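Peer 1: just need the structure, nothing else, for what follows:
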Amino acid sequence: MPVAIVTDSTASLPPELAAERGILVVPLQVVIGATVYDEGEGGATPELVAAALKEWKPVSTSRPGPRALLEVYERAVRDGATAIVSVHLSGDMSGTYESAQLAARDASVPVIPVDTRQVGVATGYAALAAADVVAAGGTAEEAADAARARAAASSSLFYVDTLEYLRRGGRIGAAAALLGGALAVKPLLQIEDGRVASLERVRTSARALSRLEELAVQAAGDGPVDVCVAHLASPERAGQLTERLAQRLEANLDGREVWCGELGAVLGAHVGPGMIAVCVAPVL
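Peer 2: This is a model prediction of the structure:
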């Protein structure tokens with residue numbers, strides 16, 4: 001393992017896939033009331049967060065500190081790594097990238113931190129792109145470039161039942177949340193340059209999901225893509241959207257499946273139950 005790939009738990013990589021591709025995952029934390037949980041199995045799960053949000057319990061999130069990242073870097077060094085590429089969610093959404101930069105200064109091998117300017121599965125696809133380069137014998141610099149390129153080409157689109165959770169977490173302005181509530185609209189959002197940005201507002205959830213489907217198809221274009229549908233406490237709607245996208249994007253998928261799964265606990269804490277997201281990542 002001359003070059004190791006590290007990412008964080010918000011990348012939403014299934015544990016078995018991360019292990020298969022040799023990607024090390026650093027957990028973020030979820031705080032529910034006074035209890036701190038690591039994100040992942042045995043800790044903060046989407047179900048736990050969704051239940052807490054529905055009961056309006058205090059829920060917040062926390063980045064891993066530089067020491068936690070450094071411990072993972074040094075573990076990779078002990079396993080033979082001579083360089084590390086550390087791929088993380090947008091620095092505007094979390095301090096995780098900053099922690100990676102600080103940890104890199106003290107690491108015993110060169111570390112290249114990558115701010116994907118994305119969240120969720122788009123960060124995961126970026127980490128996988130870096131792993132592909134390493135598997136093909138590429139350098140750490142080439143792997144980091146591949147991660148940045150795939151993240152920049154990806155589209156992260158999502159629907160939320162309410163903007164209130166994003167407003168509470170400081171991820172979107174209070175004025176936007178108030179406007180959405182006053183007009184009883186259903187917001188469609190996107191990640192734009194590392195931040196949550198308003199995309200469209202429609203009147204019903206059915207129309208919102210229909211537009212989400214259309215926008216995902218547009219984002220796919222004519223080339224090969226990977227597609228993932230994520231949700232928080234909304235499996236039926238996510239499943240229906242997955243089936244429709246699989247049919248409409250069959251040629252783009254080139255035999256690959258549309259992933260469908262529950263959103264991670266950390267991101268779920270900021271968007272709330274009912275959220276549906278689609279990530280479209282061109283295969284570069």
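Peer 1: tell me where this structure has strands.
Peer 2: For the chain, the strands defined by DSSP state E cover 3-8, 23-26, 29-32, 35-38, 59-62, 83-88, 111-115, 155-159, 186-192, 195-202, 225-231, 259-262, 276-282.
Peer 1: and those strands as JSON lines, adding mean pLDDT and distance to residue 250?
Peer 2: For glycine as for every other residue, the C-beta is placed from the backbone atoms N, C-alpha and C. Output for those, formatted as JSON lines (pLDDT from 0 to 100; distance: least, Cβ to Cβ, whole Å):
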{"stretch": "strand 3-8", "mean pLDDT": "98", "distance to residue 250": "29"}
{"stretch": "strand 23-26", "mean pLDDT": "98", "distance to residue 250": "28"}
{"stretch": "strand 29-32", "mean pLDDT": "95", "distance to residue 250": "37"}
{"stretch": "strand 35-38", "mean pLDDT": "95", "distance to residue 250": "38"}
{"stretch": "strand 59-62", "mean pLDDT": "94", "distance to residue 250": "37"}
{"stretch": "strand 83-88", "mean pLDDT": "98", "distance to residue 250": "29"}
{"stretch": "strand 111-115", "mean pLDDT": "98", "distance to residue 250": "32"}
{"stretch": "strand 155-159", "mean pLDDT": "95", "distance to residue 250": "19"}
{"stretch": "strand 186-192", "mean pLDDT": "89", "distance to residue 250": "24"}
{"stretch": "strand 195-202", "mean pLDDT": "88", "distance to residue 250": "25"}
{"stretch": "strand 225-231", "mean pLDDT": "97", "distance to residue 250": "11"}
{"stretch": "strand 259-262", "mean pLDDT": "94", "distance to residue 250": "15"}
{"stretch": "strand 276-282", "mean pLDDT": "97", "distance to residue 250": "14"}
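Peer 1: for residue 47, find the nearest of the ones you listed.
Peer 2: Ranking the strands of the chain by proximity to residue 47 (Cβ to Cβ) places strand 259-262 first, at 7.7 Å.
Peer 1: sheet partners, orientation included, of that closest one?
Peer 2: Here strand 259-262 is paired, per DSSP bridges, with strand 225-231 (parallel).
Peer 1: which residues are in contact with the strand it pairs with?
Peer 2: Around strand 225-231, the neighbours that count as contacts under Cβ atoms under 8 Å, 6 or more residues apart in numbering are 12, 120-121, 125, 216, 220, 237-238, 241-242, 245, 249, 252-253, 256, 258-263, 275-283.
Peer 1: got a ChimeraX select line for the buried ones in these?
Peer 2: Typed into ChimeraX, the line below selects the buried ones among the contacts of strand 225-231, using 16 or more other Cβ atoms under 10 Å:
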select :12,120,121,125,216,220,237,238,241,242,245,249,252,253,258,259,260,261,262,263,275,276,277,278,279,280,281,282,283
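Peer 1: nice, that's everything, thank you.
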